[in-house]
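S.K.: coords below, sequence missing:
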C-alpha cells in the first residue's frame, strides 16, 4: 500500500522560508512522478511543483516565480519543497502526490495523496 506523509508546515512570517518534506512508502519511489499541490480555502487545488521520476522534467506554477524548489532523494524515498520569500497568498494546505507516468500538473492524474500539511504565512 502506497502511503505519503507530509511534514514541515507551520506558521511563518512573510518573507520567511519553510521546507516541506514528503516521505513515501510502499512503492518503487524512483519510478514515480512526484507533485506538490496546494489548496487554499475557497480556492481550487493547484499544482505548485512537480518532478518526473528521473528528475529530467520539472514544473513550477507561474506564481512560484523562482521562490520554490522541488527536489527528490530516491535513496530516502522522499521529495522536498523548499519555499522561500513566502507571501500571505501562499497560505494553504500543501499536499504531495504520486503518479506512475510522465509529469502531469492536473491533480486528477495523480494516484495517491498525502494528508496535507498546513502552511500559514502572516503579513
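M.R.: That came through fine. Note that this is a predicted model, so its numbers are computed, not measured.

S.K.: pull up the distance across stretch 98-114, start to finish.
M.R.: 9 Å (CA to CA, to the nearest Å).

S.K.: how about stretch 98-111?
M.R.: 6 Å.

S.K.: quick one: it to chain centroid distance?
M.R.: 12 Å (CA atoms, centre = their mean, to the nearest Å).

S.K.: so what touches it?
M.R.: Under the contact criterion CB atoms under 8 Å, 6 or more residues apart in numbering, stretch 98-111 has outside partners 2, 4, 24, 27, 31-35, 37, 45, 47, 50-52, 57-59, 97, 112. Where you see a C-beta, it was placed from the backbone N, CA and C, and this is true even at glycine.

S.K.: and if you look at stretch 75-84?
M.R.: So stretch 75-84 is contacted by 16-25, 27, 29, 34, 36, 48-49, 51, 67-73, 90, 94, 96, 119 (CB under 8 Å, 6+ apart).

S.K.: good, wrapping up.
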